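> have a look at this fold, sequence not included:
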Ligand code: GLA
């Protein structure tokens, strides 16, 4: 049975609304800083992230500190009833620091040391940078740790990137010695270095991957990525020493990211590892709404997927740390959110588990890189423009939604996402360069559930599988024996598992499994994939399943059947008539294998059957057409359900149970009409 508990991830019992506030850019304009306080009230904002890039304002010269301006901002915000998320400033450093200590400057993969400039460009191994960041963080914690406005720590900003300097090379070698128990033969074996005569005879010969050097050893590439994650976490852990020591009661987060075009998880770091070091997950969402390559609904579905992943990392609410109230300045085309979209997209974030709507940024910068990036307060400093008005509207709505704070979503379906698998698959010299698309494939499997309003968790391999009825693990190319054993056990004890083509091929060292498919997978699925056929992008095949023909592209697996039942067969090519979709009873559960990349309609029909069989239900039954999404947060006493129209047309929907509109108190049952981008938030009593 699902547990409807609340987890307050901050001490606040209201939804945080506000965002990055950079008064350090306006210290010569006290009039504007004063005006901000009034504007904050008018915009119904309550929380401000301060100091993200304020190091130069805090320490203009080495050892010379200026905190008075920050003292005033803290006090002013507190006076108007607001709260502060205080950032540590390591995301960008003062010029004096780079000049005096060049070792803090990053060296790129081509071994070129970078000049001072930009941001997010420190060496994460440098003891100087570690010392300097820890010191300024200590001063911040000492000074503001007891300030009543302090709500949370925002450590650094969007950690990412890698450094290849000599300090990092040494640290990497130490990391490897640790991983391989100081046994160089074990490393050579794990990396298969006998290939092309790449055997290492001394640890000192090992270098990080480089375009001008070694980049063909997959095991090296994979371990380097693991090291980069661990070293970034180690840098972060060093940053937070004084915060944990002086402010143990203040939660810590850092803001995660996503790739923009397809909104897939950021690939530079394994967030499943990083998540364990954070008290709260937060992330920066910048979907390209109203783009010209997909429908609003398709993009909304991707937003749903990534939110469900970041929420599931800790199985608790998360924070939307940054979004734009209007447009960004770094997409290829920076289109403004159309009227209504800001409200709808904000409600979607809350629906998927966010306890905040925070912006980048509060006041638009006057100069430099982000002067054209959307902000709550524009250069005109006015409150009667569309963006300010839409922000205020969101703020007023959030003030009525505090009952939602701390509530979670409960799902009986999980999709498995694995960073290491994506790294290895992308690195694999094989298949097709353009069509691997692992995260996008997961979204394909997410679609039928999103369309039918069935909640999904997107989990990582170390999480508990047993709480789900259905586990979907597409394209799990890299999988350890340990995970294989856990998948087998999940099915054996009654779970339903779905796997697809390109799964179970290599172990955690990126070494192929020998002697055919792993025996545990063979037993669980009652089959063995014999050959993977990679198709050209315009090639098509099809699969006959339940009396219908479904289009197949990109990949098809030739399957040998042992104990499984054949559910679908290929219709063309040299494997025409052979098994394409199979199911197998193993122990108390069932394991399905989908051999090819099939069209969306196949997934709809395939999962529809499983939804019925496993009695998977939406939280609220609403009949609706394409592009409407119904998502819920679940409190002990009621469900908060968001009925959202992600289309440009009016949509008639039928609410099949009695609910109450959260904003108007109106009782709803039966047909209602949602306007373009309209959302209704309703309460369903238990
Ligand atoms: C990121 C950064 C912010 C800002 C925004 C602009 O998310 O964290 O500092 O640059 O992008 O969209």
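That came in fine, so what should we check first? Just so it is clear, the model here is predicted, and its values are computed rather than measured.

> residues of this structure that sit close to the ligand?
157, 158, 284, 286, 322, 328, 360, 370, 373 (C-beta under 6 Å from any ligand atom). Bear in mind the C-beta positions are built from the backbone N, C-alpha and C, glycine included.

> now do the residue nearest to the third one when sequence neighbours are not counted against residue 303, distance only.
With C-beta to C-beta, 6 or more residues apart in numbering as the measure, residue 322 is the residue that lies nearest to residue 284, at 3.8 Å, once sequence neighbours are left out. Summarising the geometry, the distance separating residue 322 from residue 303, computed by C-beta to C-beta, to the nearest Å, is 14 Å.

> which regions of the protein lie under the pLDDT threshold?
Across the chain, the stretches falling below the confidence threshold (pLDDT under 70) are 1-2.

> packing partners of the longest strand anywhere in it?
The single longest strand within the chain, with elements called by DSSP state E, is strand 548-561. Packing contacts for strand 548-561, counted by 3 or more C-beta pairs under 8 Å, 6 or more residues apart in numbering; DSSP states H and E, involve strand 527-534, strand 541-545, strand 565-570, strand 579-586, strand 596-598, helix 600-613.

> columns mean neighbour count and distance to residue 77 on top of the ones you listed, output as a markdown table?
Written out in a markdown table, the entries for the helices and strands packed on strand 548-561 read as follows (neighbours: other C-beta atoms under 10 Å; distance: least, C-beta to C-beta, whole Å):
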| stretch | mean neighbour count | distance to residue 77 |
| --- | --- | --- |
| strand 527-534 | 18 | 57 |
| strand 541-545 | 21 | 59 |
| strand 565-570 | 19 | 60 |
| strand 579-586 | 22 | 58 |
| strand 596-598 | 26 | 52 |
| helix 600-613 | 16 | 48 |
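
> quick revisit: and residue 322 and residue 303? Which one has more around it.
Neighbours were tallied for residue 322 and for residue 303 using other C-beta atoms under 10 Å; the higher tally belongs to residue 322 (23 against 20).

> which ones are touching the more buried one?
Residue 322 is in contact with 19, 20, 255, 284, 285, 286, 358, 359, 360, counting by C-beta atoms under 8 Å, 6 or more residues apart in numbering.

> give me that answer again for 7 Å
Residues touching residue 322, when contacts are defined by C-beta atoms under 7 Å, 6 or more residues apart in numbering, comprise 19, 20, 255, 284, 358, 359, 360.

> and the gap between it and residue 362?
11 Å.

> with secondary structure added, can I get the residues of the chain next to the ligand in CSV?
As requested, these are arranged in CSV below (DSSP: H, G, I helix; E, B strand; the rest coil):
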residue, secondary structure
157, coil
158, coil
284, strand
286, coil
322, strand
328, coil
360, coil
370, coil
373, coil
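
> of the helices and strands packed on strand 548-561, which approaches residue 486 most closely?
Of all the helices and strands packed on strand 548-561, it is strand 579-586 that lies closest to residue 486, at 13.7 Å by C-beta to C-beta.

> partner strands of the closest one, with direction?
According to DSSP bridges, strand 579-586 has the following sheet partners: strand 565-570 (antiparallel), strand 589-594 (antiparallel).

> report the angle between that strand and strand 541-545.
An angle of 40 degrees separates the directions of strand 579-586 and strand 541-545 when computed by axes from the mean of the first three to the mean of the last three C-alpha atoms, to 10 degrees.

> quick thing: my sequence starts at 827, can you match it?
From this message on, residue numbering opens at 827, which makes the last subject strand 1405-1412.

> and the contacts of strand 1405-1412?
With C-beta under 7 Å, 6+ apart as the contact definition, strand 1405-1412 has outside contacts at 1317-1318, 1349-1353, 1369, 1371, 1385, 1387, 1389-1396, 1416-1422.

> so how far is it from its chain's centroid?
For strand 1405-1412, the distance between its averaged C-alpha position and the chain's averaged C-alpha position is 32 Å (C-alpha atoms, centre = their mean, to the nearest Å).

> now it against strand 1353-1360, angle please.
Computed by the same axes, to 10 degrees, the angle separating strand 1405-1412 from strand 1353-1360 equals 150 degrees.

> would you check that residue 1064 makes contact with residue 961?
No: contact criterion C-beta atoms under 7 Å: residue 1064 and residue 961 do not qualify, at 11.0 Å.

> look at these two and report which has more neighbours.
The residue with more neighbours, out of residue 1064 and residue 961 and counting by other C-beta under 10 Å, is residue 1064; that gives 18 against 13.

> gap between that one and the ligand?
21 Å (C-beta to the nearest ligand atom, to the nearest Å).

> what helix or strand is that residue located in?
For residue 1064, the enclosing helix or strand under DSSP states H and E is helix 1044-1072.

> contact partners of the next helix or strand after that helix?
Remark: after helix 1044-1072, the chain's next helix or strand is strand 1078-1079, criterion DSSP H and E. With C-beta under 7 Å, 6+ apart as the contact definition, strand 1078-1079 has outside contacts at 978, 979, 980, 981, 1066, 1069, 1104, 1105, 1106, 1107, 1108, 1145.

> returning to that earlier point: overlap of the contact sets of residue 1148 and residue 1188?
Any residue near both residue 1148 and residue 1188 by C-beta under 7 Å, 6+ apart counts here, and that gives 845, 846.

> run a quick neighbour tally on residue 1450.
Per other C-beta under 10 Å, the neighbour tally for residue 1450 reads 19.

> if I read this right, it contacts residue 1479, doesn't it?
Yes: counting by C-beta under 7 Å, residue 1450 does reach residue 1479; the two are 4.1 Å apart.

> what touches both of those two?
If you check residue 1450 and residue 1479 against C-beta under 7 Å, 6+ apart, no residue is contacted by both.

> chain center to stretch 906-922, what's the gap?
With C-alpha atoms, centre = their mean as the basis, the distance from the averaged C-alpha position of stretch 906-922 to the chain average is 23 Å.

> mind listing what's buried along it?
908-920 (16 or more other C-beta atoms under 10 Å).

> from these, which land in strands?
Using DSSP E, the subset of the buried residues of stretch 906-922 located in strands is 909, 910, 911, 912, 913.

> check contacts around the third one.
Residue 911 makes contacts with 873, 875, 977, 978, 980, as judged by C-beta under 7 Å, 6+ apart.

> try it again with 10 Å
Contact partners of residue 911, counting by C-beta atoms under 10 Å, 6 or more residues apart in numbering, are 836, 842, 844-847, 873-878, 975-980, 1076-1077, 1079, 1108, 1145, 1147, 1182, 1184.

> and if you look at the first one?
Residues touching residue 909, when contacts are defined by C-beta under 10 Å, 6+ apart, comprise 836-838, 840, 842, 844, 872-874, 903, 973-978.

> ok, now the fourth one?
Applying C-beta under 10 Å, 6+ apart, we find residue 912 in contact with 874-878, 896, 900, 963, 966-967, 969-971, 973, 975-981, 1069, 1073, 1076.

> now the second one
Contact analysis of residue 910 by C-beta under 10 Å, 6+ apart lists 844, 847, 873-877, 896, 899-900, 903-904, 970, 973-978, 980.

> beta-bridge partners for it, please?
Assessed by DSSP bridges, residue 910 has beta-bridge partners residue 874, residue 976.

> ok, it to residue 1345 distance?
Between residue 910 and residue 1345 the computed distance is 56 Å (C-beta to C-beta).

> follow-up on the earlier one: so which of the contacts of strand 1078-1079 belong to helices?
Under the assignment DSSP state H, the contacts of strand 1078-1079 contribute 1066, 1069 to helices.

> ok, of the contacts of strand 1078-1079, which come out buried?
978, 979, 980, 981, 1066, 1069, 1104, 1106, 1107, 1108, 1145.

> so the fifth one is in contact with residue 979, correct?
Yes: under the criterion of C-beta atoms under 10 Å, residue 1066 is in contact with residue 979, at a separation of 7.3 Å.

> mind listing the shared neighbours of those two?
Counting by C-beta under 10 Å, 6+ apart, the common neighbours of residue 1066 and residue 979 are 914, 963, 967, 1073, 1078, 1080.

> can you tell me the SS state at the second one?
Translated: residue 963. Using three-state DSSP, the secondary structure recorded for residue 963 is helix.
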